[in-house]
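# I need the structure of the sequence given here:
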Amino acid sequence: MKRLIAVLRDYFGVSHQEARGMLALLAFTALLLLAPLAYRLWVPDAVPDTSAADKRQLDSLVALLETENPTDAERDEKPPGRYEPAIKAPSVERFAFDPNTLDPEGWQRLGAPRWLAERIIRYRSKGGRFRQKEDLLKIYDFSPDLYAELEPYIRLVDERQPYGSNKNYSERLSASELNPANPMATRKTAFTGERFSKSVVQPFDINTVDTTELIKLRGIGSKLAARIVKFRDGLGGFVSPEQYAEIFGLDSLAREELTKFGRIESPPKKIAVNTATVEELDRHVYVSKRQAEVIVNYRTQHGPYSSAESLRTIRILDAKTIEKLKPYLEF
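Residues are numbered from 1 along each chain as shown. All right, here's what the predicted structure looks like:
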């Protein structure tokens, strides 16, 4: 014991009393670790005694279960003429449909759950339309497996194709479309007898255009046009056609039209990052209020920014956000 205490004292550089305390602590720890093992070795597991009455009750329950649950052989031997109703799975139909006009009941008949059918109807009620079959996958939680099953049955009316020499074309136009006083008539096809012509859309500057020009494009209505202008003003102007994809509710046809006719001719409005307030920074689409506060506070503590690279020291701004903000910042 004394030799062990001397070893502990020399190894850890402690006093004789501290070495004794350390030895006692080690011994106590070893005792605690060995206690469960010793308990299992010395104290046998107690098996509860089952009385005769309990045994009889258990035997009767086992016999009852055996009579109620027939064996596999008994299940195969069905009495002739006996009717056993089968549980039928909900029927799923397959038929040609237009996703832009199908009602919720029709979606459920195709196998879509009710919540998904209602989500599609809400999307259409807000002005959304399916221009391509793949646009169905833009609906949140639309199963790719369900889309693969329904894809051969999707029938989309191609609004971009002219009606040609269809004699019944005039019947397909509503009275509001044929009324020259209707301001929306400029978006529709002008009709004279069996001939027609579409209004020609000229290229425009996307950073100065108003909603009256935007609604002339295919796939863009008044609500979507207002959303495009609001997003553009929040940016301060577009710097790349790739930013069109960031506009909520813009489908493939609308993006195609904007890319075709929208020209980026005017430079974007820039923010003087070294003098801008939190409110001015927060108004930009790419900056949150928290980020705006951190930018201003860091500038107050460390001085003005020299370039976009100096923003990388702010942890709340990632490299992607800084790259998107770079065309809009002035130093």
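
# show me the contacts for the most centrally placed residue in the chain.
The centre of the chain sits closest to residue 140, judged by C-alpha atoms, centre = their mean, with a distance of 5.9 Å. Listed by C-beta atoms under 8 Å, 6 or more residues apart in numbering, the contact set of residue 140 reads residue 119. For glycine as for every other residue, the C-beta is placed from the backbone atoms N, C-alpha and C.

# same thing but 10 Å
116, 119, 123 (C-beta atoms under 10 Å, 6 or more residues apart in numbering).

# do residue 94 as well
When contacts are counted by C-beta under 10 Å, 6+ apart, residue 94 touches 109-111, 149-150, 152-153.

# dump those into CSV; add distance to residue 254 and pLDDT as well.
Putting the contacts of residue 94 into CSV (distance: C-beta to C-beta, whole Å; pLDDT from 0 to 100) gives the following:
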residue, distance to residue 254, pLDDT
109, 30, 91
110, 26, 92
111, 29, 90
149, 28, 89
150, 24, 92
152, 26, 89
153, 25, 91
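
# any idea which of the contacts of residue 140 the model trusts least?
Lowest pLDDT among the contacts of residue 140: residue 123, with 88.

# what's the neighbour count on that residue?
Close neighbours of residue 123, defined as other C-beta atoms under 10 Å, add up to 18.

# number the chain from 11, please
All right, first residue 11 from here; so that's residue 133.

# mind listing the strands for the protein?
Taking DSSP state E, the strands of the chain run over residues 200-202, 205-207, 214-215, 272-273, 281-282, 339-340.

# re earlier: pick out the most distant pair among the contacts of residue 104.
Greatest spatial distance among these (C-beta to C-beta): 119 and 162, at 16.2 Å.

# which of those two has more neighbours?
residue 119 (18 against 9).

# contact partners for that one?
Contacts of residue 119 by C-beta under 10 Å, 6+ apart are 100-105, 107, 112-113, 127.

# in CSV, list those residues along with pLDDT and distance to residue 242.
CSV is the format used below for the contacts of residue 119 (pLDDT from 0 to 100; distance: C-beta to C-beta, whole Å):
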residue, pLDDT, distance to residue 242
100, 58, 47
101, 76, 49
102, 85, 44
103, 88, 45
104, 87, 43
105, 89, 42
107, 91, 36
112, 91, 34
113, 92, 36
127, 91, 34
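
# return the subset of the residues you listed lying in helices.
Counting by DSSP state H, the part of the contacts of residue 119 found in helices is residue 127.

# now the contacts of residue 119 in CSV, with distance to residue 331?
Shown next, in CSV, are the contacts of residue 119 (distance: C-beta to C-beta, whole Å):
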residue, distance to residue 331
100, 47
101, 50
102, 45
103, 48
104, 46
105, 47
107, 42
112, 40
113, 43
127, 37
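
# out of the contacts of residue 119, who's nearest residue 288?
Within the contacts of residue 119, the smallest distance to residue 288 is 44.0 Å, found for residue 127 (C-beta to C-beta).

# okay, residue 274: pLDDT?
At residue 274, pLDDT is 92.

# isn't it up against residue 213?
No: if you go by C-beta atoms under 10 Å, residue 274 and residue 213 don't touch, sitting 11.0 Å apart.

# give me the below-cutoff pLDDT ranges for the stretch 161-310 of the chain.
Across the stretch 161-310 of the chain, the ranges flagged by pLDDT under 70 are 168-209.

# how does it look with 80?
167-210 (pLDDT under 80).

# so what's the gap between stretch 322-334 and the chain middle?
Relative to the centre of its chain, stretch 322-334 is centred 23 Å away, using C-alpha atoms, centre = their mean, to the nearest Å.

# how about the helices in the stretch 11-160 of the chain?
12-22, 26-52, 62-78, 82-86, 114-119, 124-135, 154-160 (DSSP state H, counting those that start in this stretch).

# closest to residue 335 out of those helices?
Closest to residue 335 of those is helix 124-135 (C-beta to C-beta; 31.0 Å).

# which helices and strands does that closest one pack with?
helix 114-119 (3 or more C-beta pairs under 10 Å, 6 or more residues apart in numbering; DSSP states H and E).

# circling back: what subset of the contacts of residue 119 is buried?
With neighbours counted by 16 or more other C-beta atoms under 10 Å, the contacts of residue 119 contain buried members at 107, 112, 127.

# neighbour count winner among residue 274 and residue 213?
Neighbour count, other C-beta under 10 Å: between residue 274 and residue 213, residue 274 has more, with 15 against 10.

# so who does that one touch?
When contacts are counted by C-beta under 10 Å, 6+ apart, residue 274 touches 215-217, 247-251, 253.
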